[in-house]
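# I would like to see how this sequence folds:
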Amino acid sequence: MLGLILQTLGLLADLGIGYLAGAVRDRVLHRTTTRTLLERLAAGVYGTLATLLLAGTVR
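Now for the predicted structure:
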């Protein structure tokens, strides 16, 4: 019974977070400057992670 309650709470939390993320995305990302900034930030993060992964592999 406890497992069912925890699964239900987890599902409700995931649904709520997903709904809020979609709402924020719709309100924020329609601006091109904000979208460009976030895309460049994501590219920087992924580039840094790729560099660290490559450096760890070469070692």
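
# return the distance of V24 relative to G18.
Distance, V24 to G18, using Cβ to Cβ, to the nearest Å: 11 Å. Just so you know, the C-beta spots here come from the backbone N, C-alpha and C atoms, and that holds for glycine as well.

# what's the neighbour count on L53?
Per other Cβ atoms under 10 Å, the neighbour tally for L53 reads 10.

# give the buried residues for the one helix or strand it maps to.
If you go by DSSP states H and E, L53 is part of helix 32-58. Going by neighbour count (16 or more other Cβ atoms under 10 Å), nothing in helix 32-58 comes out as buried.

# where does pLDDT dip in this structure?
Within the chain, not a single segment meets pLDDT under 70.

# residue nearest the centroid of this protein?
A21 (9.0 Å; Cα atoms, centre = their mean).

# give me the three-state assignment for that residue.
State at A21, reduced to three classes by DSSP: H, G, I helix; E, B strand; the rest coil: helix.

# so how far is A50 from it?
Taking Cβ to Cβ, one finds A21 at 25 Å from A50.

# can you pull the phi/psi pair for H30?
Dihedral pair for H30: phi -80, psi -10, per degrees, to the nearest 10.

# now L29
phi -80, psi 0.

# thought E39 was touching it, still the case?
No. Contact status for L29 versus E39: not in contact, 9.7 Å apart, counting by Cβ atoms under 8 Å.
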